[in-house]
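> What would the 3D arrangement of this be:
(2 chains)
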Amino acid sequence: MLGKTAGGLYWMFRFLERSENTARLVEAGFRIALTRSSDPESEWKSVLTTAGVRMNYDQKYDGYTALDAIDFLLRDTDNPSSVMSSINNARTNARMVRTALTTEVWEAVNESWMAMKAALKSPVTQAKLPEVLGEIRRYTALVRGALHGTMLRNDIFDFSQLGIAIERADNTARIIDVKYYTLLPSASFVGSALDNVQWETILRSVSAYRSFRWLNNDDISPMSIADFLIFDSRFPRSLSFCSRILDENLGYLAKDYRTRLPCHDMIDAQRDRLRASTIETVFDEGLHEFITSFIRENNAIGLQIEQDYSFVG
Amino acid sequence: MSTDRQHFDEMLLGGEGVRAPYAEYQEWFSHEDVSRLSKKSKEAEAFFRRTGITFNVYGQAAAQERLIPFDLIPRIIANREWTKLSKGIEQRVRGVNAFLHDIYHRQEILRAGVVPVDLIAKNAAFLPQMMGVTPPGNVYTHIVGTDIVRTGEDDFFVLEDNARTPSGVSYMLENRETMLQMFPELFSQIKVQPVSDYPKNLRRSLAACAPAGCNGKPTVAILTPGIHNSAYFEHSFLADQMGVELVEGHDLRVVDGHIAMRTTEGYKTIDVLYRRVDDDYLDPLNFRPDSMLGVPGIMDVYRAGNITIANAPGTGIADDKAIYSYMPDIIEFYTGEKAILKNVQTFRCSEPDALKYVLDNLADLVVKEVHGSGGYGMLVGPAASKKELAAFAAKLRKSPGNYIAQPTLSLSTVPIFTKKGLAPRHVDLRPFALVSPDGMNITPGGLTRVALKAGSLVVNSSQGGGTKDTWVLED
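Residues are numbered from 1 along each chain as shown, chains lettered A, B, ... in the order given. Just a heads-up that it's a prediction; the model follows:
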C-alpha cells in the first residue's frame, strides 16, 4: 500500500472520529447548560477547552455564549476541529484514498459530507440542535457500519482502526484532563449537587452515562468514574480499550509485513504501564500527571506510526 | 449559437418514424410514461452525486465540484456503422504511431516534403528530448480518444486526434452502469455490446507495454496531479477498477535507476506509469523546473528504458491542431491506404492565402487555437457578435500561426429527454482505443457528448455540455 494511502486512511478516520466526539461534547454541554448549570458560561468554556480549540475561539469571541460556542464547534471552518471542518477533511482524505475504500464506505462518507453541508449551511438554532446532532451521530455510525461490514480485514482496515483509536484515546484523555479536579477525592462530596453535575457531564461527553450506571449500580464516586474511563476495557472509549485496539492492529501489521518497528515497542510499553497500574496507584501518583503523560505518549505513538509507515515522504 | 441549416438527426426521421438502429428503442420508449422517466432522470443525478462522479471546474472557487449532466436517451449506433468507424480509427491510430516514431527518429516524412519542417521544428509540442528514444514496445499512444462528428448517413469526420491523455472514459463506463440500473429491461430486449471490459483491457494493454527488463508481472500505476485536478474522479475510478495504485509525484522517486513508489513497506518499483500529467509537468529536471506534479529524473529513467510512460512524452505533436490538416497525407504516407475517416477542411492561418480567406469569412468559420483544448480560446463565427469578431480578427492578424479555421459543420443531433418530450441536440463521439504490441482494442461505442442548449454546437463539459450512454448494437 502507498504510504500516502495509509496516511489518508488514518486521517480520514481520525477526522470522522473527531467530528463525532465534537458533536458529543456539544450535546453534553448543551444538556448540562440547559438543565443543571448555574454557570453556563464556564460550562461552554470547559467544552471548548476539552475540544482543544479555546485559543482559536478566544481570538474570535469575547464571551462564552451557547450560540457562539455551538456555532464555532459545529459550523465554523476557521476552527480546524469543528464538525464541518472535520467532515471536510475526512472527505478530502477519502477522495485521496478512494481506491482503498469499498463503494459502501466511500458513499457513506460522501453522503455524510453532503448531509452535513446541508444541515450546517446556516447557524443551528437551539430548537434544531438535537436534530442536527442526531444526524451527525447517525452518519458517523453509517460510515463505521460500512467499514465493519464491507472492508477486508487487511492493512487498510488496520490503518483505519489506528486512526480511530488514537483520536478516541486523545479525546477521552482530554475530557479527564479538563475535568480531573472534579474527580479528585479531596474535591468530592459524594452526593453533592455540584459534583453530580460534573460527573454527569463527563459521562455524557463519552456517551457512557447509562452504561456506567448499569455496570456500577450506585457506586458513583470519582474513583469509580476515573477507573471506568481509564481501565474498563469493556467500555469502547476507555483508554485501556483504545490501547488494546492500537496493540491489536499494530500487531496485525507487524505480522502482515513481517516487520517490527519502533511503534510496536511504544505500544508494548504503554500496554505494560496500563496493566501494571490500578486506579489506586494512579490516584496515589497523581491523576493529572498520569493523564498528561498518557496524552503525550498517545501523541508520540501516532507520530511514530506516521513515520514507521511512511505516511509522508 | 445556432445554425439554420438542416441537420441530420440520428434518431428521428424528418416526418414520422425513426432510423433503423433506434427502432427497438422507440418501441420501448413509446410505452413509457414521461413522469416515470423524469423521476428516473432525477434518480440518476442523485446517484452521480452520491458516488462522487463530479468534475472540478477551473477558476470557480465556490462551485468546485459539478456534475456532468446525463441524458437518459441513448445514442445508438448500428453494428455496420461501427465496423466502418472502428476500422477508420484503427487506421488513424496506426498512422499516428508510425508518424511519432518517424518524427522522433529519421523524419522521413519531412524529407519527403509531406509535412513542412518548420511545423515540427518550431512547434512547442515537439519534444527534442525524445529524439532517438524508442518507447518500450514501440508504442507512443497507448490510449487514444479520437473525437468524431457526423453530418449525414455516411459522413463521419475526425475533429481531433487526442493522442495525449484523453479523458472521459469513466463517464462512458458510469453512463452504462446508470442505464443498466435505471432500465434493466431495455438491455434484455435490445442486444447492446458491453463496455465494462475497458478497465481490464486497459490494464492488460498497459502491462503488455512494460519495459523489456521487467521480470514477472509488471507493476502498473496511474499518476494524477491530485484531488484538485478536474479529472481526479476519473483517475481514482480507473485506478480502482484496474486494481492499481493511484500515485502523485511526491509518492515517487528514482531508486537504483528505476521509478519507485513509497509504500508502507518501503519503495517499490513501477514498470508502467499511466500518467495523467502533461509533458511540461512530468519532470522538473527536464521540463518545467517549477513543477511539483512530476518526478525529478523520470525522463532519464525513461530514456534508459526502465519505465514505460503512457502516453509517451512528446505525443502532443501528433494531435496538434496545425498538424491535423496534414493527417490524411500522414496516414497515406505510413499505411499506404487512403484515410477511411474524413478530415474537416482546415485553413492554416499561417498561410497568407488561407489567412485572407479566414478574415474575409470569419462569421461563417470556427477558429481554434493551435494548442488550445477544452473549448477554451475558440471562436464560433456564426454565434459571435460583431465586436467579438473584430476583436478576434485583431488577434488573428497579430499571430496567425496560432490559429486554424474550419467551416462550421452541421453536426448530427440525437434527441435529449425534456419534460416536453424529445428535443434534438448536437452531439459528438469520443471512442477509446488501446494500443499495445499485441494489437489494438477499441471499446464499442465511447463517450457521446451532447450540447444541452438548443442549437448549440459546443459539447465540452467545461462549457455546459452533457453526456449520453452510447450503444453499439450486436447483430
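> what residue ranges in chain B score low on pLDDT?
B:1-5, B:15, B:54-66, B:372-376, B:462 (pLDDT under 70).
> before we move on, what about chain A?
A:36-38, A:182-195.
> Quick one: name the residues of it near chain B.
Within chain A, the positions adjacent to chain B are A:1-6, A:92, A:95-96, A:98-99, A:103, A:106-107, A:110-111, A:114, A:155, A:159, A:253, A:257, A:259, A:309-310, A:313 by C-beta under 8 Å from any C-beta of the partner chain. For glycine as for every other residue, the C-beta is placed from the backbone atoms N, C-alpha and C.
> Tell me which residues touch the residue in the stretch 51-200 of chain B that chain A sits nearest to, please.
Closest to chain A within the stretch 51-200 of chain B is residue B:52: 5.1 Å, counting by C-beta to the nearest C-beta. Residue B:52 sits next to A:95, A:98, A:106-107, A:110, B:233 when contact means C-beta atoms under 8 Å, 6 or more residues apart in numbering or on different chains.
> Can you tell me which of those residues is nearest residue B:262?
If you rank these by distance to residue B:262 using C-beta to C-beta, residue A:98 comes first, at 18.6 Å.
> so that closest one touches residue B:235, yeah?
No - using C-beta atoms under 8 Å as the test, residue A:98 is too far from residue B:235 to be in contact (9.5 Å).
> Can you pull the residues that touch both of those two?
Residues touching both residue A:98 and residue B:235 (C-beta under 8 Å, 6+ apart) are residue B:246.
> elements contacting the longest helix along chain B?
Longest helix of chain B, by residue count under DSSP state H: helix B:79-103. With contacts taken as 3 or more C-beta pairs under 8 Å, 6 or more residues apart in numbering or on different chains; DSSP states H and E, helix B:79-103 sits against helix B:108-111, strand B:143-145, strand B:155-160, helix B:316-319, helix B:327-335, strand B:432-436, strand B:439-442.
> right, so of the ones you listed, which gets closest to residue A:173?
That would be strand B:143-145 among the helices and strands packed on helix B:79-103, by C-beta to C-beta, at 51.4 Å.
> Measure how whatever helix or strand comes next after that closest one sits relative to strand B:155-160, angle-wise.
Stepping forward along the backbone from strand B:143-145, the first helix or strand reached (DSSP states H and E) is strand B:147-152. Interaxial angle, strand B:147-152 versus strand B:155-160 (axes from the mean of the first three to the mean of the last three C-alpha atoms, to 10 degrees): 160 degrees.
> Can you give the contact residues for strand B:147-152?
For strand B:147-152, contacts defined as C-beta under 8 Å, 6+ apart pick out B:7-8, B:10, B:85, B:89, B:156-162, B:341, B:344, B:409-412, B:428-431.
> That strand: how far from the chain's middle?
How far strand B:147-152 lies from its chain's middle: 14 Å, per C-alpha atoms, centre = their mean, to the nearest Å.
> Just want the angle from it to helix B:79-103.
Using the same axes, to 10 degrees: strand B:147-152 against helix B:79-103 is 140 degrees.
> quick one: buried residues of strand B:147-152?
By 16 or more other C-beta atoms under 10 Å in any protein chain shown, the buried positions in strand B:147-152 come out as B:147-151.
> Same check on stretch A:92-108?
A:92-101, A:104-108.
> Now do it: distance to the chain's middle.
Mean-position distance between stretch A:92-108 and its chain equals 22 Å (C-alpha atoms, centre = their mean).
> Output it as PDB, restricted to C-alpha atoms.
Provided in PDB are the C-alpha atoms of stretch A:92-108 (Å, rounded to 0.1, in the frame of the first residue of the first chain):
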ATOM      1  CA  THR A  92     -10.800  15.100   1.200                       C
ATOM      2  CA  ASN A  93      -8.800  12.200   2.600                       C
ATOM      3  CA  ALA A  94     -11.400   9.700   1.500                       C
ATOM      4  CA  ARG A  95     -11.200  11.100  -2.100                       C
ATOM      5  CA  MET A  96      -7.500  10.700  -1.900                       C
ATOM      6  CA  VAL A  97      -7.700   7.100  -0.800                       C
ATOM      7  CA  ARG A  98     -10.800   6.200  -2.700                       C
ATOM      8  CA  THR A  99      -9.200   3.200  -4.300                       C
ATOM      9  CA  ALA A 100      -8.600   1.700  -0.900                       C
ATOM     10  CA  LEU A 101     -12.300   2.000   0.200                       C
ATOM     11  CA  THR A 102     -15.300  -0.100  -0.700                       C
ATOM     12  CA  THR A 103     -18.000   1.700  -2.600                       C
ATOM     13  CA  GLU A 104     -20.200   1.400   0.600                       C
ATOM     14  CA  VAL A 105     -17.600   3.200   2.700                       C
ATOM     15  CA  TRP A 106     -16.900   5.900   0.100                       C
ATOM     16  CA  GLU A 107     -20.600   6.500  -0.500                       C
ATOM     17  CA  ALA A 108     -21.300   6.700   3.300                       C
END
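> Need the residues that contact it.
Residues from elsewhere that reach stretch A:92-108 (C-beta under 8 Å, 6+ apart): A:1, A:4-5, A:8-9, A:11-12, A:15, A:109-110, A:139, A:142-143, A:145-147, A:149-151, A:156, B:50-52, B:227, B:232, B:236, B:239-240, B:245-246.
> who in the stretch 51-200 of chain B is up against chain A?
B:51-52.
> Taking the contacts of residue B:52 together, which two end up most distant?
Greatest spatial distance in these: A:107 and B:233, 13.6 Å, computed using C-beta to C-beta.
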